[in-house]
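*Asks:* Build me a model from this:
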Amino acid sequence: MRYALRVLITAVALALGISSANAASTLVFRAVTVAGKHAPVARIHAGSTPIMTLSGRGWKSVEAARDVANRLNGFAEEGLRSDEISIWSDRKTRTIMARGEKIVTIDKTLAKSQGMDRTALARTWASNLRAAFGRPYLSAEPLLVPVGETRALALKGSFSGQLSVKPEMSIVTATWDKDAKVVRIAGLDTGRTDLIVQDSGSTLRVPVRAARYAARLVESLPAEVTGTPAFRDDVDRAVTSAVGAGMLIEPNAWTEIRPLTGESGAIWPGKSQAVPVEISAGGPDYLPYHDKPTVVVRNEPVTATPAKLLMVSNSPERIRGYGLWFEGTIGDFDSIRLLYHHVNGLKVSADLVVELWNIGQEAARVQVVAGAAGPSFDEAWVGHRAAGEFLGKRAANSGWIVPIPASTTVPILSQRLSAGSVASGVLEMRSLGKANLSLRLYLESPVSQRAPRDIASYAASPLLGQWHYPQTRRTVKTKYEVGRDWAFVTIGDQPVAGLKDGDLLEGSYGVLYEIDLELSNPTSAPARVVVSLEPAGGPARGALLIDGRYAETALLKRDDEGIVARYSLAPGEVRKVHIETMPQGGSNYPVRLVARPI
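*Replies:* Below you'll find the predicted structure:
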């Protein structure tokens, strides 16, 4: 067990970049092979003093001597005392023990090779070992200390005279605690050094490494959601944002923040919920970090003000390189809507990332209401799924609030796209205070999880201000009267104008259509009416909210029709219907809504 434990400790030390082989004890045992009369002989020395000789079995004796020397070095690093060495006897062997663990077993063959009986040889070797361990020596395990923290280094062995401790480099401080027999070592900066430990007779060099955690949770922020209610995925996003904003993350480190919402569901206004979180972080030359905090999630009232600006990221639709592909700004108390629809044009997987950059000097809070879908190779479906999710979230005002410290960039969404696959999303973002924010969309190499990071510098992209449209919605009023002409509403037929001269958004993708449809039956007989969707151009799908109820169509082609609502009107009845929909990525708009009799 003792030898196995030493092997395990050595493996762990090597994994952390600390050499431990015979480096932390002034008492060192070594096995030396010499030529014997008929076969090789192995002698074990404590420093320069011979302790025992193993012979009689040729090269097996050499292997056994190496094992014994390793065991003795392990005991020396653990500070073995001379009075902890004993002899255990049975009918055929004598075994020299230390702390109940075997050092070496002497049988008849080994004793005969030394010209002694088993008992005499065991007593001689045990006496030699007691003498070696009885002389003053120092030992300690190599130490790993986090920067900003203090660790206790236990000094073992038997000291002689006054003890002094001093690091060779000032990346750590060291103080000898005489009562506890430990050195208190505080990490100041990253690096490696030796701790020089001296008594009156010897000097020990203990390897010390000071390193930073890959990340740390330095501030526990509450998570905030909105909505009636806030959906579970938005609760997860709120927890991830709050934990990420409260973490200090080192450059090039990876982090994983995993909310454990379990079976808990939506959160209603005025309510809160405690959510446990698992945090892991790591990276090259960093200490791994693990924590399991609990985050309180509150549903806060936020008014769903209309978006003032529509941003569309779709040019080019197929992205063939890493980098920044879209940028917009969110001013004071502004709300914007972003529609993006992109194909990964690389031959490898990549992450499509939406970020908010706080380039101001004040912390910001932003409400995000989002629908996102992908990856998929069906671009009509992925655009349809994103628009449908967004309409449902917007109706409930279900979202999460992202805290963004000053001079910090925070990821909002990240989608992993395999080569050739498509991602689509519709997001509304509302700044809940004075802020200077930039919205950016990237295609980047894959990482396990995105995290907030400091902004070293900011320069506006040439893309800033492109594909920005001030008309974010259209209102339409129409009516259908039983027995009269059908009612038609065309969606996406009139392009909206951009802020840049000459920029027209054909299809009005991302524009919210709010349609008030009046159905009336002036006849004396009951009537049945349907509302349907049909393409006005190429193949298209539709996602709609009809009086708050979600409705959708399959992919419709020319001359197809998708019925989205049915009504039975009593004689003389008038019914008002409210419909919300939008042209969605991946489909061909315009399309037509039709109200007609069955």
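*Asks:* Now the residue nearest to the spatial centre of the chain. Nearest residue, chain neighbours left out?
*Replies:* The residue lying closest to the centre of the chain (Cα atoms, centre = their mean) is residue 256, at 1.8 Å. Using Cβ to Cβ, 6 or more residues apart in numbering and skipping residues adjacent in sequence, the residue nearest residue 256 is residue 280, 4.6 Å away. The way it works is simple: take the backbone N, C-alpha and C, and place the C-beta from them, glycine included.
*Asks:* Contact partners for that neighbour?
*Replies:* Residues counted as contacts of residue 280 (Cβ atoms under 8 Å, 6 or more residues apart in numbering) are 255-256, 258, 288-290.
*Asks:* Which of those residues sits closest to residue 131?
*Replies:* residue 288 (43.5 Å; Cβ to Cβ).
*Asks:* for that closest one, what are its contacts?
*Replies:* 213-214, 280-282.
*Asks:* Among the residues you listed, which lie within strands?
*Replies:* 280-282 (DSSP state E).
*Asks:* returning to what we had before: who are the packing partners of the host helix or strand of the residue nearest to the centre of the chain?
*Replies:* Assigned by DSSP states H and E, residue 256 falls within strand 254-259. Other helices and strands packing on strand 254-259, by 3 or more Cβ pairs under 8 Å, 6 or more residues apart in numbering; DSSP states H and E, are helix 232-245, strand 272-282.
*Asks:* Can you spell out the domain ranges of the chain, please?
*Replies:* Domain ranges of the chain: 28-134, 138-211, 220-299, 309-469, 473-597, per automatic domain parsing.
*Asks:* Reformat the ones you listed as CSV; add mean pLDDT.
*Replies:* Listed next are these as CSV, based on pLDDT from 0 to 100:
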stretch, mean pLDDT
domain 28-134, 94
domain 138-211, 93
domain 220-299, 93
domain 309-469, 95
domain 473-597, 97
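*Asks:* Residue 130 belongs to a helix?
*Replies:* Yes - according to DSSP: H, G, I helix; E, B strand; the rest coil, residue 130 belongs to a helix.
*Asks:* isn't it right next to residue 84, touching?
*Replies:* No - look at residue 130 against residue 84 with Cβ atoms under 8 Å: they stay out of range, at 9.3 Å.
*Asks:* the helices in the stretch 451-598 of the chain, which residues?
*Replies:* Taking DSSP state H, counting those that start in this stretch to define them, one finds no helices in the stretch 451-598 of the chain.
*Asks:* of the contacts of residue 280, closest to residue 361?
*Replies:* residue 255 (25.7 Å).
*Asks:* any idea how far residue 283 is from the closest one?
*Replies:* Going from residue 255 to residue 283 by Cβ to Cβ, to the nearest Å gives 9 Å.
*Asks:* Same check on residue 58?
*Replies:* Applying Cβ to Cβ to residue 58 and residue 283 gives a distance of 50 Å.
*Asks:* got it, and residue 297?
*Replies:* Noted for residue 297: a distance of 28 Å to residue 283, by Cβ to Cβ.
*Asks:* more crowded one of these two?
*Replies:* residue 297 (26 against 19; other Cβ atoms under 10 Å).
*Asks:* my hunch is that that one is in a helix, does that hold up?
*Replies:* No - Residue 297 is assigned strand when assessed by three-state DSSP, not a helix.
*Asks:* residues near the spatially closest residue to it that is not a sequence neighbour, how many?
*Replies:* Closest residue to residue 297 apart from its sequence neighbours, by Cβ to Cβ, 6+ apart: residue 223 at 4.3 Å. By other Cβ under 10 Å, 27 other residues sit near residue 223.
*Asks:* Residue 223: what's it in contact with?
*Replies:* Counting by Cβ under 8 Å, 6+ apart, residue 223 touches 235, 238-239, 241-243, 275, 295-298, 400-401.
*Asks:* Return the set of residues that bridge with residue 273.
*Replies:* Beta-bridge pairing for residue 273 (DSSP bridges): residue 297.
*Asks:* Look at it and say how many residues are nearby.
*Replies:* 19.
*Asks:* That one against residue 267, yeah?
*Replies:* Yes - counting by Cβ under 8 Å, residue 267 is a contact partner of residue 273 at 5.4 Å.
*Asks:* anything in contact with each of these two?
*Replies:* With Cβ under 8 Å, 6+ apart as the test, residue 273 and residue 267 both reach 235, 297.
*Asks:* contacting residues around residue 226?
*Replies:* Residue 226 makes contact with 299-302, 367, 369, 397-401, according to Cβ under 8 Å, 6+ apart.
*Asks:* for residue 185, same thing?
*Replies:* Contacts of residue 185 by Cβ under 8 Å, 6+ apart are 143, 145, 150-153, 167, 172-174, 195, 208.
*Asks:* Just among these, which is most surrounded?
*Replies:* For these, neighbours tallied by other Cβ under 10 Å; top is residue 208, 27 neighbours.
*Asks:* what about the lengthiest strand in the chain, distance to the chain center?
*Replies:* Using DSSP E to define each element, the chain has its longest strand at strand 364-376. Centroid displacement of strand 364-376 relative to its chain, using Cα atoms, centre = their mean, to the nearest Å, is 18 Å.
*Asks:* Paired strands for that strand, with orientation please.
*Replies:* strand 399-404 (antiparallel), strand 422-431 (antiparallel).
*Asks:* what element comes up after the last one heading to the C-terminus?
*Replies:* It stands for strand 422-431. Next element after strand 422-431 (DSSP H and E): strand 437-444.
*Asks:* now for that following strand, which elements pack on it?
*Replies:* If you count contacts as 3+ Cβ pairs under 8 Å, 6+ apart, strand 437-444 packs onto strand 323-330, strand 335-344, strand 350-358.
*Asks:* tell me which residues in the longest one are buried?
*Replies:* I take that to be strand 335-344. 335-344 (16 or more other Cβ atoms under 10 Å).
*Asks:* and it, which strands flank it?
*Replies:* strand 309-313 (parallel), strand 318-319 (parallel), strand 422-431 (antiparallel).
*Asks:* is it possible to export those strands to TSV including mean neighbour count and distance to residue 575?
*Replies:* TSV is the format used below for the strands paired with strand 335-344 (neighbours: other Cβ atoms under 10 Å; distance: least, Cβ to Cβ, whole Å):
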stretch	mean neighbour count	distance to residue 575
strand 309-313	25	31
strand 318-319	16	45
strand 422-431	26	29
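*Asks:* Include distance to residue 548 when you put the ones you listed into JSON lines, please.
*Replies:* Shown next, in JSON lines, are these (distance: least, Cβ to Cβ, whole Å):
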{"stretch": "strand 309-313", "distance to residue 548": "23"}
{"stretch": "strand 318-319", "distance to residue 548": "36"}
{"stretch": "strand 422-431", "distance to residue 548": "18"}
